[in-house]
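S.K.: just coords:
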């Protein structure tokens, strides 16, 4: 499972990894959708995540437009999604290929 829907109080959120699913584009992780019961329109652009881990800044000159795959490394390196409970999810990204940064994000 690459994503799941969570409802807490008046909020409904879809949390997911950086794989594509339906209209959701690959490369965007985290909060895919956030709506309130009084305003059912997604707060974010439906095809991308509204809150996500996207960049690793290391100060290297590689961080330029011609090398966007490294600049946006968290978008491109595989992530693992885990539903921890009815109200909690975790994204784990093993060490990335270039920066070797491992991360966990809990929602």
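M.R.: The structure has been received and is ready for your questions. What you see is a predicted model, and the numbers here were worked out from it, not measured in a lab.

S.K.: residue 10 reaches residue 38, doesn't it?
M.R.: Yes: Residue 10 is within contact range of residue 38, at 7.0 Å (criterion: Cβ atoms under 8 Å). For glycine as for every other residue, the C-beta is placed from the backbone atoms N, C-alpha and C.

S.K.: looking at these two now, which is surrounded by more residues?
M.R.: Legend: neighbour count by other Cβ atoms under 10 Å for residue 10 and residue 38, higher for residue 10 (10 against 6).

S.K.: contacting residues around the more buried one?
M.R.: 36, 37, 38 (Cβ atoms under 8 Å, 6 or more residues apart in numbering).

S.K.: just those residues: which are in helices?
M.R.: The subset of the contacts of residue 10 located in helices under the criterion DSSP state H is empty.

S.K.: which of those fall within strands?
M.R.: The members of these that map onto strands under DSSP state E are residue 36.

S.K.: so residue 42 is in contact with residue 36, correct?
M.R.: No: applying Cβ under 8 Å, one finds residue 42 not in contact with residue 36, separated by 10.3 Å.

S.K.: skipping adjacent residues, who's closest to the residue most central in space within the chain in space?
M.R.: Taking Cα atoms, centre = their mean, the centroid of the chain lies closest to residue 29, which sits 1.3 Å from it. Distances taken as Cβ to Cβ, 6 or more residues apart in numbering place residue 18 nearest to residue 29, at 4.1 Å, with adjacent residues excluded.

S.K.: before we move on, what SS does residue 89 have?
M.R.: The three-state assignment at residue 89 reads strand, by DSSP: H, G, I helix; E, B strand; the rest coil.
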